[in-house]
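**Q** Would you be able to build a 3D model of this:
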Amino acid sequence: MPSSSGEICGACLKHPPAFERALAVYAYAFPLDVLVQQCKYAGASNLTGFFAERMAERASPETGIDYLLPMPLHPARLAQRGFNQAAEIARRLAPKVGIAWLPDACQRLRDTPSQAGLDLKTRQRNLRGAFACTIDLSGKRVALIDDVMTSGSSLNELARAVRKAGAVEIQAWVLARTL
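**A** Numbers count the residues shown, from 1 in each chain. Next up is the predicted model:
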């Protein structure tokens, strides 16, 4: 959860996530929630450029991050939506922050039900083993890119897969955080 000086929140102290740091540009609230929903579900993919601009303004150039890894969509969801909003944000963010993005480094192995409306335990169970990372990230520092963090379950499970691939530091960069 947000903190004034970037200190670790109580929830993360009690149950540490698989990533070291989270960066959220906005709270997931009006009017941003409407923009995100338009982007994801109404085909307004042109908004990903705006989202990337906002993330670039908040990302510190001293992060030491080697790669940006977008949250992968299952092929069935990608076919349904027509694009991966996290990948589009990462693609546009990469040149702005001078960090390479790896669009195919991670895959979603299972077509899991939508996380919307699920409680925390069900979200976690829903995603267990849902991701794989197919490249060697030994010694690398990575930022996972997504549009919205609600419970953090998706990013946490993806971070586990990236850690298995050898990443030594994992950050989660999102446009918005549900508070």
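**Q** Now the one residue sitting closest to the centre of the chain: phi and psi?
**A** Ranked by distance to the mean C-alpha position of the chain (CA atoms, centre = their mean), the top residue is D146 at 2.8 Å. Phi and psi for D146, reported as degrees, to the nearest 10, are phi -150, psi 170.
**Q** check contacts around it.
**A** 70-71, 86, 154-155, 172-175 (CB atoms under 8 Å, 6 or more residues apart in numbering). Backbone N, C-alpha and C define where each C-beta goes, glycine included.
**Q** Next SSE downstream of the strand or helix carrying K96?
**A** Using DSSP states H and E, K96 maps to helix 85-97. Downstream of helix 85-97, the next assigned helix or strand under DSSP H and E is strand 100-101.
**Q** What are the contacting residues of that next one?
**A** By CB under 8 Å, 6+ apart, strand 100-101 touches 66-70, 90-91, 93-94, 145.
**Q** Select only the buried ones of these in PyMOL?
**A** Selecting only the buried entries of these in PyMOL, with 16 or more other CB atoms under 10 Å as the criterion:
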select buried, resi 66+67+68+69+70+90+91+93+94+145
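**Q** still on that earlier bit, just give me the least confident of the contacts of D146.
**A** Lowest in pLDDT among those is S154, which has 91.
**Q** Spit out the contact partners of the nearest residue to that residue once chain neighbours are set aside.
**A** Spatial nearest neighbour of S154, chain neighbours left out: L127 (5.9 Å); criterion: CB to CB, 6 or more residues apart in numbering. When the contact criterion is CB under 8 Å, 6+ apart, the partners of L127 are 112, 115, 153-154, 157.
**Q** In strands, which of these fall?
**A** Judged by DSSP state E, strands contain none of these.
**Q** what ranges do the helices span in this structure?
**A** For the chain, applying DSSP state H gives helices covering 10-14, 32-41, 47-58, 75-81, 85-97, 120-127, 153-164.
**Q** G152 is in contact with A22, isn't it?
**A** Yes - here G152 reaches A22: they are 7.4 Å apart, a contact under CB atoms under 8 Å.
**Q** Neighbour count: these two, which is higher?
**A** Higher neighbour count among G152 and A22: G152, with 25 against 19, using other CB atoms under 10 Å.
**Q** Are there residues contacting both of G152 and A22? Which ones?
**A** Residues touching both G152 and A22 by CB under 8 Å, 6+ apart: A172.
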